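[1] I need the structure of the sequence given here:
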Amino acid sequence: MRRYVASVLCAVMMVGTAAATAGCTARASFNAGSKEPEAPPPPPEPKQEEPKEEKKPRPRFKLTFKLKGNQVELPGPVVFETNSDKLLPESDEVLSIVDDFLKQRKDVTLLRVEGHTDSDGEDAANQVLSEKRAMSVARWLVAKGHDCKRFIAVGFGESKPIADNNTPDGKAQNRRTGFFIAAIDGKAVDKQPVDGGGKVAGDACK
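    Below you'll find the predicted structure:
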């Protein structure tokens with residue numbers, strides 16, 4: 001009898017355990033089935049590239065000329081190597097304005113190119129340097145296709161300063177190249193000497 005009761009109790013306990021286990025499993029399965037699936041994370045926003053900084057071009061002079069009387073005015077100086085008649089590349093832009101002037105003013109049959117220096121150094125050396133520089137400019141223009149007979153290159157050395165030679169700024173102003181209309185349609189302007197009183201550097205055609 002005791003064995004029978006024990007067997008019954010054991011069977012009841014096993015059934016209860018199985019039911020409890022099944023209930024937990026069913027509940028867990030039910031809860032798991034009712035849970036909504038999580039939405040996938042949004043895709044990352046495309047990285048915007050920062051705009052590249054554009055290099056600003058060096059400001060250029062406008063290819064236009066102005067006349068002050070018979071002189072062609074330029075926005076900047078004609079530049080040479082120190083104590084030399086060799087033109088530096090930065091002179092090209094300024095001289096291109098003179099080139100443009102000559103193309104437009106076909107009536108200008110003779111343009112005087114004047115060379116001037118500051119007072120540093122010996123007078124004689126400055127005179128020679130001013131003549132060579134004037135000739136270098138005339139030949140630059142001839143190389144652009146202009147008739148060599150349209151130019152007269154003259155030097156004044158340090159004899160015609162326009163500023164104080166005792167200051168660096170004044171000296172820079174005195175080291176200059178001037179462009180003057182010497183003749184129109186073959187006739188001297190205002191019946192003045194075409195050399196302007198300077199020393200002729202030579203023949204631009206040679």
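[2] could you chop this protein up by domain?
    If you go by automatic domain parsing, the domain ranges for the chain are 1-29, 66-200.
[3] which elements pack onto the one helix or strand residue 113 maps to?
    Residue 113 is located in strand 108-116, with elements delineated by DSSP states H and E. Judged by 3 or more CB pairs under 8 Å, 6 or more residues apart in numbering; DSSP states H and E, the packing partners of strand 108-116 are helix 91-104, helix 123-143, strand 151-155, strand 176-184. All C-beta spots, glycine's among them, are computed from the backbone N, C-alpha and C.
[4] ranking the domains of the chain by burial, who's on top?
    Each of the domains of the chain was given a mean neighbour count from mean count of other CB atoms under 10 Å, and the largest, a mean of 17, is that of domain 66-200.
[5] span of that one from start to end?
    25 Å (CA to CA, to the nearest Å).
[6] going on from the helix or strand of the chain with the lowest mean pLDDT, what's the next piece of helix or strand?
    One helix or strand of the chain scores below all others by mean pLDDT, DSSP states H and E: helix 2-34, with a mean of 42. Tracing the chain C-terminally past helix 2-34 and defining elements by DSSP H and E, one meets strand 66-68 next.
[7] what lies in contact with that next one?
    By CB atoms under 8 Å, 6 or more residues apart in numbering, the list of residues contacting strand 66-68 from outside reads 72, 73, 181.
[8] same question, stretch 86-95
    Under the contact criterion CB under 8 Å, 6+ apart, stretch 86-95 has outside partners 60-61, 74-81, 136-137, 140-141.
[9] out of the residues you listed, which comes closest to residue 162?
    Looking at those and their distance to residue 162, the nearest is residue 77, at 12.3 Å (CB to CB).
[10] so which of the helices and strands packed on strand 108-116 comes closest to residue 114?
    Distances from residue 114 to each of the helices and strands packed on strand 108-116 were compared by CB to CB, and the smallest falls on strand 176-184, at 3.9 Å.
[11] for the closest one, packing partners?
    strand 71-73, strand 108-116, helix 123-143.
[12] for it, C-alpha coordinates in CSV please.
    Taking Å, rounded to 0.1, in the frame of the first residue of the first chain, the C-alpha atoms of strand 176-184 are listed here in CSV:
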residue,chain,number,x,y,z
ARG,A,176,61.6,104.7,-64.5
THR,A,177,60.8,104.2,-68.1
GLY,A,178,58.7,106.8,-70.0
PHE,A,179,56.8,106.5,-73.2
PHE,A,180,56.0,109.6,-75.2
ILE,A,181,54.4,110.2,-78.6
ALA,A,182,57.2,111.8,-80.6
ALA,A,183,55.6,111.9,-84.1
ILE,A,184,52.2,111.4,-85.6
